[in-house]
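In: what's the 3D shape of this:
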Amino acid sequence: MPISLGELATRFGCELIGNPDSVVSGVASLPNATAESLTFLASKAYKEQLSSTKAAAVVLRPDDAPDCPVAALLHDDPYACYARMAAAVFPPPDVVPGVHASAVVDDTATIASSAHLAPHVVVGENSSIGENVYVGPGTVIGPDCRIGDDCRFIANVTLARAVVIGQRGIFHPGVVLGADGFGNAMSAEGWIKVPQVGGVRIGDDVEIGANTTVDCGAIEDTVIEDGVRIDNLCMIAHNVHVGAHTAMAAMSGIAGSTTIGKRCMFAGMGGAVGHISICDDVIIGAKSFASKDITEPGTYLASFPAEPARDWAKKVGRFRRIEALQARVKKLEQQ
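Out: Here you go, the predicted structure:
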């Protein structure tokens, strides 16, 4: 949606250096921006690209303004400000009320008049869908689910049963909420399935990426608090509790009954074992996992970066000799 720089500055609390009547209709990176594009500078690492940008305007910090060759929107947090502006340029499509003829809705379900149910949607018994909700094609909403206002289910999302979602959630294709987790008891005869009777509770403003699963609780509910962001291909096991505004990058995995605090971040393939507690403001690095309680905020790493195979082989060889070396040192100490 085309929008003037003056309107952007007013709506998002920026100081504008430039023509308030100039209009942007798209976004782009600094080097690829055109005269219709909005872009941003948030990291000094990209400062060298600023001088040659052809953007209509750049969102940046006030101390970078003297080096900007085009219109500037000054803000102390340029990336967050840009995100809000980009959402204004590309607002989500309006929800057109209606239920497609191929949708199957149980007689006991409640659907708000402003909601949209796309082709082949299924809504189970005693479930309710709030105002202005978009339920995309092939989505299945099982029994006893409650969906708050302004949520969007892009396509082929599955809510197995007893899933409660707050307002303004976004759920991408392939998300599965409320399926059984790995609940099994070993006996002399083999595995015995433990009934998974809990549900899933998801707060407001949560976004969950494609093909991510959040299992139902074994007894009590699995909980995802307000503002959480979960990337594609993540796994949240039964009875996990994820604190507000925590973020998980792709392929993160959290084992059952673990509690994660607020504002934590898990980098790609990060994870945690079950039945532990992680405090607020913890960062788990890529391919790292928490194996015990974490009680102090900070960054935790447990992986090795890639290096030439020859160097890695040398280190592996040294590692294999550690035990023999330790025995030799111990023998020398006894002399």
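
In: Outline the domain layout of this structure.
Out: Following automatic domain parsing, one gets these domains for the chain: 3-89, 98-300, 308-335.

In: Can you say which of those is packed in most?
Out: Among the domains of the chain, judged by mean count of other C-beta atoms under 10 Å, the one packed with the most neighbours on average is domain 98-300 (a mean of 19). C-beta here means a position set from N, CA and C on the backbone, and glycine is covered the same way.

In: Turn the domains of the chain into CSV, including mean pLDDT.
Out: Shown next, in CSV, are these (pLDDT from 0 to 100):
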stretch, mean pLDDT
domain 3-89, 97
domain 98-300, 98
domain 308-335, 90
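
In: what about stretch 228-237, how long is it end to end?
Out: Stretch 228-237 has an end-to-end distance of 16 Å (criterion: C-alpha to C-alpha, to the nearest Å).

In: what do you get for stretch 305-314?
Out: Using C-alpha to C-alpha, the gap from the first to the last residue of stretch 305-314 comes to 15 Å.

In: going forward, begin numbering at 474 instead of 1
Out: With the count now opening at 474, the last piece we talked about shows up as stretch 778-787.

In: where's the nearest residue to residue 565 once chain neighbours are set aside relative to residue 749, distance?
Out: Counting by C-beta to C-beta, 6 or more residues apart in numbering, residue 565 lies nearest to residue 625, which is 6.9 Å off, once chain neighbours are set aside. Residue 625 sits 33 Å away from residue 749, going by C-beta to C-beta, to the nearest Å.

In: ok, back up a step: thinking the residue nearest to residue 565 is in contact with residue 646, fair?
Out: No. Under the contact definition of C-beta atoms under 8 Å, residue 625 does not touch residue 646, with a separation of 11.5 Å.

In: which residues do the two both contact?
Out: By C-beta atoms under 8 Å, 6 or more residues apart in numbering, residue 625 and residue 646 have these common neighbours: residue 609.

In: Now residue 800. Its backbone dihedrals?
Out: For residue 800, the backbone dihedrals are phi -60, psi -40 (criterion: degrees, to the nearest 10).

In: and the gap between it and residue 575?
Out: 72 Å.

In: quick one: secondary structure of residue 483?
Out: Taken by DSSP: H, G, I helix; E, B strand; the rest coil, the conformation at residue 483 corresponds to helix.

In: Which residue ranges of the stretch 524-673 of the chain form helices?
Out: With DSSP state H, counting those that start in this stretch as the criterion, the stretch 524-673 of the chain has helices at 551-562.

In: is the residue nearest to residue 565 in a bridge, and if so with what?
Out: With beta bridges defined as DSSP bridges, residue 625 has these partners: residue 607, residue 643.

In: how near is it to residue 593?
Out: Plainly put, residue 625 is 17 Å away from residue 593 if you go by C-beta to C-beta.
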